[in-house]
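Colleague: A structural model of the following input is requested.
(one chain, ligands or ions: 3)
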Amino acid sequence: MPASASIDAASDGATSSPSGLPPDTALVLVNLGTPDAPTPAGVRRYLAEFLGDRRVVSLPRWLWLPLLHLVVLPLRSKVVAKKYASIWMGGEDGGSPLAVYTRRLAWAVQNELPQLRVIDAMRYGSPSLASRLRQLHQAGVRRALVLPLYPQYSTTTTASVDDVLARERALPTRLVENYHLDDGWLDAVADSIRAHRAQVGAGEHLLFSFHGLPQRLIDEGDPYQRHCEAGARAIARRLDLAEEEWSLSYQSRFGRDKWLEPSTQQTLHALAARGVRNVDVVAPGFAVDCIETLEEVAMMLAEEFATLGGTLRYIPCLNDSRPHARALAGIARHELHNWI
Ligand SMILES: C=CC1=C(C)c2cc3[nH]c(cc4nc(cc5[nH]c(cc1n2)c(C)c5CCC(=O)O)C(CCC(=O)O)=C4C)c(C)c3C=C
Ligand SMILES: [Fe+2]
Ligand SMILES: [Fe+2]
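Modeller: Residues are numbered from 1 along each chain as shown. Ligands and ions are numbered 1, 2, ... in the order given. Sure, this is the predicted structure:
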């Protein structure tokens, strides 16, 4: 199916409401975005837009833009393209895992919510959120609930989606700001960890690895770290884990600022030094698997931990699973109920 399948599917009756009329409300699942090809040019296009956003890198433009285009992009695009190539999904429905899983997740949520029109969108790259909102308006949709696929709020991610909503006024929208403490979502994550442990046996330790953030943003009031901590604790509680059986760390550092600590890499070294051999790693900040989970954790950090004598067992993201679709559908229903 083409990338725009979910919009087309909406007009062939698959999403008509129980009244038989086309749905007047849409649910837009927004993810970060990803390159459209695992090549230096594809990665460069994507990173230029992403890293050009002031929400993501807030250095003065006169300093950052020349640095980004003349130094960062030429160097990083080549290196990162190879990483994307190592995780690229093949087949007719293939592509970058983040795009493939987000698209499939939108279809799965559509199955749970036949009375709405459910589509995917990306904050950077395509299908862009702005173009999706215009498409919906043209298709006669009256309002759109926008659900960023970031369980934890951050100014770098969620607020950046909100920036687009403030600019694109094609139709009324409502933003889901976070869902890190939603019971349905917490249950889905805890169940996925239980299922993994039932299959391969429980590791001695469960590590929650979240995407990092510059410490400065936290100091300026970004609630992201609080959300990561509260969510991880709620999941650990559901699994009846004792304090020493789990920990939380931050991965995917970028740039030279101080980022949230401890890093996932440091934590794995500390666990190895403590004699922990089997570590289960879960990444509940990522709704779907992507370069940061598949390449950085499941490949690179797993290899590094193996050199320390341990085994890292990566627990996949909820991706397009039924429990994930049900949890997101529950969040959407609840938000719509409150939106009059
Ligand atoms: C889950 C929430 C995310 C936060 C918070 C976040 C902040 C953030 N990220 C960068 C820099 C990069 N992130 C990259 C990839 C990436 N980041 C997230 C999510 C969050 N980022 C996802 C889901 C992905 C994967 C995208 C994919 O295509 O699979 C990258 C690109 C890869 C690379 O070059 O290493 C960069 C760069 C910053 C600077 C930041 C906060 C300031
Ligand atoms: Fe990121
Ligand atoms: Fe990374």
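Colleague: buried set for stretch 130-144?
Modeller: For stretch 130-144, a neighbour-count test (16 or more other Cβ atoms under 10 Å) marks Ser131, Arg132, Leu133, Gln135, Leu136, His137, Val141, Ala144 as buried. Heads up, the C-betas are built off the backbone N, CA and C, glycines and all.
Colleague: For those, which two are the farthest from each other?
Modeller: Ser131 and Val141 (13.8 Å; Cβ to Cβ).
Colleague: Can you check what pLDDT the model gives the closest residue to ligand 1 within the stretch 151-300 of the chain?
Modeller: The nearest approach of the stretch 151-300 of the chain to ligand 1 comes at Cys290, 3.0 Å away (Cβ to the nearest ligand atom). On pLDDT, Cys290 comes in at 98.
Colleague: How about it: what's its closest non-neighbour residue?
Modeller: Excluding the flanking residues, the one nearest Cys290 by Cβ to Cβ, 6 or more residues apart in numbering is Leu98, at 4.0 Å.
Colleague: what's the burial count for the one you found?
Modeller: The number of residues packed around Leu98, counting by other Cβ atoms under 10 Å, is 28.
Colleague: Any figure for the gap between Gly212 and Leu248?
Modeller: 11 Å (Cβ to Cβ, to the nearest Å).
Colleague: hang on, I meant Ala273
Modeller: For Ala273, the distance to Leu248 (Cβ to Cβ) stands at 18 Å.
Colleague: So for those two, which residue has more residues nearby?
Modeller: Leu248 (20 against 9).
Colleague: For the nearest residue to Ala190 once chain neighbours are set aside, list the residues it contacts.
Modeller: Closest residue to Ala190 apart from its sequence neighbours, by Cβ to Cβ, 6+ apart: Arg238 at 3.9 Å. Contact analysis of Arg238 by Cβ atoms under 8 Å, 6 or more residues apart in numbering lists Leu186, Asp187, Ala190.
Colleague: Around ligand 3, which positions in the stretch 151-300 of the chain sit nearby?
Modeller: Counting by Cβ under 5 Å from the ion, the stretch 151-300 of the chain comes close to ligand 3 at Ser252, Glu292, Glu296.
Colleague: go again using 8 Å as the cut-off
Modeller: Counting by Cβ under 8 Å from the ion, the residues of the stretch 151-300 of the chain close to ligand 3 are Gln251, Ser252, Phe254, Ile291, Glu292, Glu295, Glu296.
Colleague: show me what contacts the first one?
Modeller: Residues in contact with Gln251, defined by Cβ under 8 Å, 6+ apart, are Ser209, Phe210, His211, Gly212, Ser263, Thr264, Gln265, Ala283, Glu292, Glu296, Val297, Leu301.
Colleague: Now do the helices in the stretch 51-200 of the chain.
Modeller: 61-67, 73-87, 97-112, 129-138, 158-167, 183-200 (DSSP state H, counting those that start in this stretch).
Colleague: which of those sits most buried?
Modeller: Compared across the helices of the stretch 51-200 of the chain, helix 97-112 shows the largest average neighbour count, a mean of 22 (mean count of other Cβ atoms under 10 Å).
Colleague: Do it and ligand 1 come into contact?
Modeller: Yes: Helix 97-112 reaches ligand 1 (Cβ under 6 Å from any ligand atom) through Leu98.
Colleague: Please see if that helix touches ligand 3.
Modeller: No: using Cβ under 8 Å from the ion, helix 97-112 stays clear of ligand 3, with a minimum separation of 12.3 Å.
Colleague: which residue is nearest the middle of the chain?
Modeller: Nearest to the mean C-alpha position of the chain, counting by Cα atoms, centre = their mean, stands Phe286 at 3.7 Å.
Colleague: Need the pLDDT of that residue.
Modeller: pLDDT at Phe286 comes out at 98.
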